[in-house]
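A.B. asks: predicted structure and sequence below. I'll ask about it afterward.
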Amino acid sequence: MSEPRHTPADVRAELQDLARPVAEELRRGLVQQETRRLSGLAMPTLAFPVIYLALVALLAPLGLNLHLPWLVVVLLTAVAPCGRIFLRWQEANKQRVADAAALRAIDRELQLADRMATAHEFVDVQHPDGFQLAAIRDAQQRIEAARHARPSKSAAPPESSRMLWLAGLAAALLLWFASMVTVSAPIEVVTPSGEREVAVVAQQPGEKPRDTVTQTNPEPKQLQPRTPRKAQKDSDSSSESDDETPSDASRRGKNPIGSGRSAEARAAAGGGSERGQPSNQAQSTKSEKTKKPKPKKKQSKAKKDDEQKTDEQNKPPQESGSTLGRGSGKGSSKSPTASPWSAKDQVTSDEEEDPDEDEEVDDENDESKARGGVQPNLRQRKPPVNRDLQISMGSGKPQDDANGRGGPGGPKKQRGVAQLVLGVTFPDHISAKPNPGMSKITQERIEPQAQQGDSINGESRGARAAPMGHLSRRVLSPWMQDLVRSFYLSLREEGGPQ
Amino acid sequence: MNANELVEVAERDAQRFRDVHQKIKTEVQRFIVGQEAVLDAALTALFAGGHVMLEGVPGLGKTMLVRSIGQAVDVPFSRIQFTPDMMPADIQGTNVLVETEGGGHELQFQEGPLVSSLVLADEINRATPRTQSALLEAMQERQITVGRRTIKLAEPYCVMATQNPVEQEGTYPLPEAQLDRFLMKIQVGYPEIEEYEAIVDRTTAGKEPEIHNVSSSTEILELRKVVLSVPVPQLAKRYAIHLVVGAQPGQDLAPKIVNEFVSLGPSPRAVQSLMLASKVRALTQGRFAVSTDDIKAVAYDVMRHRIIVNFHGQADGVTTDRIIQEVLQHVQPPVV
């Protein structure tokens, strides 16, 4: 039995010496691990893009454009996650790994079954018993070996945080979306009646905010003379141009005719001026409202606008104020009167030979919608569809075009008998298992009555004529077989049945 | 006594414990082939002063193991084969009418098989709850009460019960209160394939090995004191507590599987049992203090019968061993 070489105080010092470098290593590993942890960086990455997008969305209606260079945007996006990493690093740096934890790490690494940590605890006991002293000595004998072995650094590789990737993607999308948000500058326009209207004009991020047009003194209402159809069309197309700019508006404001009027106000004025004629005002306003931006159409109309501008410069202004606020010029040219849709076939103009045929079709659709519903288009000259709604019950396919709409495809027509018929055919027979329903048992109080039954006379069955075929033999137990065998043998001996 | 002497005494006691433990183990292993973990657990219960439940299918040598331990340790040994018609008086003892020398008769108390030191309760789940409950007092209080008579049971007292987990027809599963009184529940499995040959040789050659007494009840009692003197550091103590708390549903330390599938967790008695069993293991491993490794090693045997899986868990085939495994993975040793 070897003598203990050191007192518990000496062992404590040795253990602390052993634990200190390990604790420092563990602390460094913790710092490294903490700074490499990516999972908590997702939200900070999204912080700036969300704020940026919110600011852009808030300032856009005010006409302010928050357009930052991309370099600044990227830098500002990276500030939050980097700051988070810095804070983590600071917090992890402040942490101190206790000696007990370091000794436990040594125990775990060297598989010492908590000998070091236990000894570290027992050396602080004031009056240790024999087993505690023995445990301290046991640990002391292993200190030297543990000095050379260090726990492996827990430098974990950077974790692959799916959330961070998603957050980065979301941030990029948000920033892109923020850059694509178009800033709209409001334009105040005062109607002839004195009401102030705000017209919002789309503005690209690079553009400067446009000036608002404000007219406080509306001009007196004037009766507009009737204008030739061509000029009216031109004026309509020029007035309905989507690319209308405030400069155009201001230029029109200088124009003595129809100046200072909003589009609707001008349209109203035009409607009022064309008394005695079938009004197409509703048609034109409807087409204005239902107009959809089409790039191709815009291009063609922009060309026409340019031509009109040159014409306007060459010619004196002949257009009336009533036509300025009108909608589709084509629609008005094709339907000069408020004739029904069937009159379209009679309209022949040079524009029918226009190669841009689809534009006309769109305009016709707009027109038909403007009349209060979708009308059958007879210009397509397609044979009428079968209105038979009968469904072939199981014999074959129902007729494809038998929708009862009175026209080829499309939504349900609004005219004639067809509108009374359902557009969607409902089969009146569904092949399915009928519900048996709840069973119900009813009892009736009926007195039993005697009934006469036919009597059957018994008769001999007779012998079987045909062979019985194969009969499986019943398996008898051995003693039963012996019994049967002896029975028949005894019968045979007595002269019984053979 | 100075520090050196204290250390010497401790080292001597620990060495003696290891020697006796090894001697008993070696003697039993002359007859029992394999099942070393089961033997270790049974000896742990014996030295820790607890009772042990052996669960396994028939033919694995459970009864033989307990009988061998009883033969290796020179202690009074008795065996009770439980049956459904067994009454408490059959195991505790009863007053019987005996004839005196003068020709008269008197009632004399006849002790039952429970009054012994090492009791083998074979197929304990075949007895009715009434008879099973007669074991409660003996196991916990180390005494039996029959009428007005109370008999103190001699130490060391250890009940080693066996039960068959498969054959459940006509059995009475032990209630939780009685299960909790067992220090350990050991699951006896099939021997390894290499061990079958030795089993055949030893049991069918017509010459069974003889088991000698290598220890005594006095020695067992002394070694129990040695076990109790093994210190438990704060780290191991807290770890044992955290493990037990972690196996209780609704606790912060409990993993998901506990909250989901456990209807009843281990009681504080489980912490006591963990400590006692860990102390024995620390001594057998040549250490002077309990470590978290000891607690991990005995956690299965100590906590297995103290966790009640709910109906949902039973339907999903969740076993208590799986729950303990999850708890061991979830609860890490705390840093003191």
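C.D. replies: Great, that's in hand. Residues are numbered from 1 along each chain as shown, chains lettered A, B, ... in the order given.
A.B. asks: contacting residues for B:Val33?
C.D. replies: B:Pro191, B:Glu195, B:Ala198, B:Ile199, B:Arg202 (CB atoms under 8 Å, 6 or more residues apart in numbering or on different chains). Every residue, glycine included, has its C-beta placed from N, CA and C.
A.B. asks: and stretch B:226-238, what's buried?
C.D. replies: B:Val226, B:Val227, B:Ser229, B:Val230, B:Pro231, B:Val232, B:Pro233, B:Leu235, B:Ala236, B:Lys237, B:Arg238 (16 or more other CB atoms under 10 Å in any protein chain shown).
A.B. asks: what residues does chain B put near chain A?
C.D. replies: B:3-4, B:6-11, B:13-14, B:229-231, B:233-236, B:285, B:287-289, B:291-294, B:333, B:335-336 (CB under 8 Å from any CB of the partner chain).
A.B. asks: buried members of the contacts of B:Val33 into PyMOL, please.
C.D. replies: Selection of buried members from those for PyMOL, criterion 16+ other CB under 10 Å:
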select buried, chain B and resi 191
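A.B. asks: export the contacts of B:Val33 to TSV and tack on secondary structure?
C.D. replies: Shown next, in TSV, are those (DSSP: H, G, I helix; E, B strand; the rest coil):
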residue	secondary structure
B:Pro191	coil
B:Glu195	helix
B:Ala198	helix
B:Ile199	helix
B:Arg202	helix
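A.B. asks: and the furthest pair within the contacts of B:Val33?
C.D. replies: Farthest apart among these by CB to CB are B:Pro191 and B:Arg202. That separation is 11.9 Å.
A.B. asks: burial count for B:Ile193?
C.D. replies: Counted with other CB atoms under 10 Å in any protein chain shown, residues neighbouring B:Ile193 total 7.
A.B. asks: can I assume it sits in a strand?
C.D. replies: No: B:Ile193: not assigned to a strand; according to three-state DSSP it is coil.
A.B. asks: got the contact list for the closest residue to B:Gly170 other than its chain neighbours?
C.D. replies: Ranked by CB to CB, 6 or more residues apart in numbering or on different chains and with sequence neighbours excluded, the top spatial neighbour of B:Gly170 is B:Pro84, at 6.3 Å. Neighbouring residues of B:Pro84 by CB under 8 Å, 6+ apart: B:Arg126, B:Ala127, B:Thr128, B:Gly170, B:Tyr172.
A.B. asks: max pairwise distance over the buried residues of stretch B:226-238: which two?
C.D. replies: B:Val226 and B:Arg238 (24.3 Å).
A.B. asks: where does the chain dip in pLDDT?
C.D. replies: By default, I'm working from chain A. Across chain A, the ranges flagged by pLDDT under 70 are A:1-6, A:35-36, A:38-39, A:149-161, A:181-436, A:496-498.
A.B. asks: you answered for a different chain; I wanted chain B.
C.D. replies: By pLDDT under 70, the weakly predicted segments of chain B are B:335-336.
A.B. asks: got the phi/psi numbers for the spatially most central residue of it?
C.D. replies: Chain B has B:Val52 as the residue nearest its centroid, 1.7 Å off, counting by CA atoms, centre = their mean. The phi/psi pair for B:Val52 (degrees, to the nearest 10) reads phi -130, psi 140.
A.B. asks: test my guess that it contacts B:Arg181.
C.D. replies: No: B:Val52 is beyond contact range of B:Arg181, at 10.9 Å (criterion: CB atoms under 8 Å).
A.B. asks: determine the longest helix present in chain B.
C.D. replies: Secondary structure assigned by DSSP state H gives helix B:3-28 as the longest helix of chain B.
A.B. asks: what distance do you get for B:Val52 to B:Met160?
C.D. replies: As judged by CB to CB, to the nearest Å, B:Val52 and B:Met160 stand 5 Å apart.
A.B. asks: which neighbours do the two have in common?
C.D. replies: By CB under 8 Å, 6+ apart, the residues touching both B:Val52 and B:Met160 are B:Ala42, B:Ala45.
A.B. asks: returning to that earlier point: pull out the buried residues from the residues of chain B next to chain A.
C.D. replies: Among these, the ones that count as buried (16+ other CB under 10 Å) are B:3, B:6-11, B:13-14, B:229-231, B:233, B:235-236, B:287-289, B:291-294, B:333, B:336.
A.B. asks: for the residue nearest to the centre of chain B, name its beta-bridge partners.
C.D. replies: B:Met160, B:Met184 (DSSP bridges).
A.B. asks: OK, contacts around it?
C.D. replies: B:41-42, B:45-46, B:158-161, B:182-186 are the contacts of B:Val52 under CB under 8 Å, 6+ apart.
A.B. asks: now, which of those sits nearest chain A?
C.D. replies: B:Ala41 (19.1 Å; CB to the nearest CB).
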